[in-house]
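Student: this is a predicted model, with the sequence first.
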Amino acid sequence: MAYSVIQGRTVTLTVEWLDYPGGPASLVSGVTIEIRPAGGGVAVVGPTSTGVVHVATGLDTYRWTVPADLAASDYAVIWSGTDAQADTVTATDIVTVVEQSPPVGGSYATVAELAEHLGRTPTNAVQLLVRASRDVDRALLCAVYDPTDPAVVTALREATLEQVAGNLGSGNTTGLGGSRQGGFSIGRLTVQAASSDDKPVRIGSLWEQAWTVLQAAGLTGHGPQSR
């Protein structure tokens, strides 16, 4: 399996042990992992068993938090263990570390982050990110927060990505919004009822998942401020 992860982010690596291709799960013990540049060089992880989680017979995982300053490149993941016959078995994967570029101007997220979130890169990715970020800003008009707080930065980024996903999931490919049918209002918020084809629910200017991210970060529900 090939993986892609942005510098500074975390990826869960998985290895599946089988008696033979397409066969039953194989009991493998003493599993270790090593991660090194695919082109050769010093290992950046391990070999180590620390952090390797045995999920089930024939299945192990490892969560790798990629250093923010690790060179963007391909890295070989080398798994090793001992099978029931006391033989050493190995498995390899490739992880592509992608450079963490600055957010698009006027947006809280990058094109690479959007591609990671959606599993693809829309041709108008920049346009979608900028317009989704405006939707997020509209929802935070009365909120008071520190824009440099890492938790806030993360919430704004994730809400923007969820807003783009919600737009695309509802058929809105430009980020300009559309008609709102059904639902009800709570003060200045409009909650759109889910349709029969299971489209996302809209709360105010945001889709439900984007709103939930901001709500969990304590960035919603603020009234006008006075001094």
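Tutor: Yep, it's here. Numbering: from 1, shown residues only.
Student: hey, let's count contacts and neighbours off CA atoms from now on
Tutor: Will do.
Student: so where do the strands sit in the protein?
Tutor: Listed in chain order, the strands of the chain (DSSP state E) span 2-6, 10-16, 28-37, 45-48, 53-56, 59-65, 74-83, 88-98, 184-186, 189-191, 202-203, 206-207.
Student: neighbouring strands of the fourth one in the sheet, and parallel or not?
Tutor: To tie it back to what came earlier, the one meant is strand 45-48. Strand pairing for strand 45-48, using DSSP bridges, gives strand 28-37 (antiparallel).
Student: report the rounded mean pLDDT for the partner strand.
Tutor: Taken as a whole, strand 28-37 carries a mean pLDDT of 98.
Student: need the residues that contact that strand.
Tutor: 17, 42-50, 52, 57-58, 60, 73-84 (Cα atoms under 8 Å, 6 or more residues apart in numbering).
Student: between strand 88-98 and it, find me the angle.
Tutor: Strand 28-37 and strand 88-98 are oriented at 40 degrees to each other (axes from the mean of the first three to the mean of the last three Cα atoms, to 10 degrees).
Student: report the angle between strand 28-37 and strand 10-16.
Tutor: Using the same axes, to 10 degrees: strand 28-37 against strand 10-16 is 130 degrees.
Student: buried sites along strand 28-37?
Tutor: Val28, Ser29, Val31, Thr32, Ile33, Glu34, Ile35, Arg36, Pro37 (16 or more other Cα atoms under 10 Å).
Student: would you mind measuring the gap between the ends of stretch 135-147?
Tutor: This stretch, stretch 135-147, spans 16 Å end to end (Cα to Cα, to the nearest Å).
Student: ok, now stretch 58-71?
Tutor: Start to finish, the residues bounding stretch 58-71 are 32 Å apart (Cα to Cα).
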